[in-house]
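1. Quick one, fold the following:
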Amino acid sequence: MFPCPSRLWHLTCTTLLLLVPSTSAAWPNTPFRTSGRWILDATGANVNYVGVNWPAHGEVMIPEGLQYQFIPAIVNHMKSLGMKAVRLTYAIEMVDQIYANNEADFTIGVALFGALGGTSGTKLLDDIVRNNPGFSSTTTRLQVFDAVVAECVRQEIFVQLDNHVSKAGWCCHPVEGNSWWGDTLFSTKNWIRGLTNMAEHASPPLTPSTEVFNPASFNDYADKLVLELHTYDPAQECAAFEKKLFNLGFRTLDSTSAKNTLPLVMTEFGFLQVNETYKDIYGTCLSNYLPAQRVGWMMWVVAGSYYVRELTHDYDETWGLLNHDWSG
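-> Predicted coordinates for the structure are as follows:
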């Protein structure tokens with residue numbers, strides 16, 4: 001994912017690398033490719049995937065919620081909501097730590113103790129292992145990612161692996177240092193190394209992402225680029241909001257006005273999950289506009305809580321589609 005500095009309006013570009021099985025089957029009908037504004041599957045049919053964000057870029061650097069629920073139960077909750085895809089986030093810092101540790105990943109025990117301290121870390125480790133019996137204190141962070149992806153594939157949920165931040169932690173603040181190449185916490189070299197490592201780990205046949213930025217081979221990605229747009233901007237009136245969406249990204253879908261026509265997916269939007277906030281202008285405008293544009297989308301966020309967020313342990317997520325203990 002290419003970064004942008006603003007959270008209210010955030011346009012990025014990503015390569016079309018979804019984590020799916022390599023064997024041929026009715027699902028997932030891969031490989032995907034792009035043609036103009038469309039994402040197409042192997043049969044040439046248009047693909048509009050809808051889904052939800054599952055954070056794993058916090059200080060612990062594993063997918064959230066596992067102290068409360070079994071991975072298959074969380075994936076099943078998402079599927080019951082009609083979600084067909086997961087945007088699974090991660091931090092480049094995780095890969096930096098692997099390289100600094102003689103290319104050995106940290107165990108979840110080490111990760112939890114480092115992020116939460118001995119007392120809270122021990123309790124969460126016990127809870128995670130109890131709810132996910134395939135794990136132990138020696139399970140590594142990447143093995144947790146692998147288990148999440150495997151279960152998503154088993155339940156026919158696409159996974160978009162998203163480099164969310166460089167330094168692990170809550171995103172985003174205007175001066176946090178994660179915003180752009182060369183920023184305080186954003187080493188371009190480490191970023192490329194991190195993308196390469198995760199692409200190679202996820203699926204060895206994938207071309208390492210360092211080659212994405214090699215001009216000699218960039219044409220290999222001509223049918224793999226998709227734009228992402230985020231918006232959390234409060235809307236006062238639908239027509240003005242839609243015009244702003246068009247000017248800040250959706251124009252790329254219009255072959256009559258865009259120099260470069262590309263597919264677009266709204267990979268972040270959301271609101272407080274209280275009362276009837278979904279009926280506010282922001283929610284109702286998007287609920288009409290996105291289907292009319294025939295684009296995919298992913299809501300922020302599935303998480304009912306976080307291991308730790310902004311120094312608060314067991315932080316309650318009021319925007320979460322699931323409740324605090326991720327049970328529904």
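2. Name the residues of stretch 165-175 that are buried.
-> V165, S166, K167, A168, G169, W170, C171, C172 (16 or more other C-beta atoms under 10 Å). Every residue, glycine included, has its C-beta placed from N, CA and C.
3. Go through those and flag which are in strands.
-> Using DSSP state E, the members of these that fall within strands are V165.
4. element containing the residue at the greatest distance from the centre of the chain, please.
-> Distance to the chain centre peaks in the chain at T256, reaching 31.0 Å (criterion: C-alpha atoms, centre = their mean). If you go by DSSP states H and E, T256 is not part of any helix or strand.
5. Using the three-state scheme, assign the closest residue to D41 other than its chain neighbours.
-> Nearest residue to D41 in three dimensions, chain neighbours excluded: N29, at 3.8 Å (C-beta to C-beta, 6 or more residues apart in numbering). On the three-state scheme (DSSP: H, G, I helix; E, B strand; the rest coil), N29 is labelled coil.
6. which intervals of the protein have sub-threshold pLDDT?
-> Low-confidence segments of the chain, defined by pLDDT under 70, span residues 1-25, 203-218.
7. and I39, that one's in a helix?
-> No: assigned with three-state DSSP, I39 falls outside any helix and is strand.
8. Surely it touches G296?
-> Yes: checked against C-beta atoms under 8 Å, the pair I39 and G296 is within contact range at 7.5 Å.
9. which residues are common contacts for those two?
-> Overlap of the contact sets of I39 and G296 (by C-beta atoms under 8 Å, 6 or more residues apart in numbering) consists of V47, N48.
10. list the contacts for N132?
-> Contact partners of N132, counting by C-beta under 8 Å, 6+ apart, are L66, F70, I71, A147.
11. Who wins on neighbours among the residues you listed?
-> Using other C-beta atoms under 10 Å as the neighbour definition, these reach their maximum at L66, which records 24 neighbours.
12. which one is that one nearest to, not counting chain neighbours?
-> Leaving aside its sequence neighbours, L66 is closest to I128 (4.7 Å, by C-beta to C-beta, 6+ apart).
13. Wait, a helix at T252?
-> Yes: counting by three-state DSSP, T252 is part of a helix.
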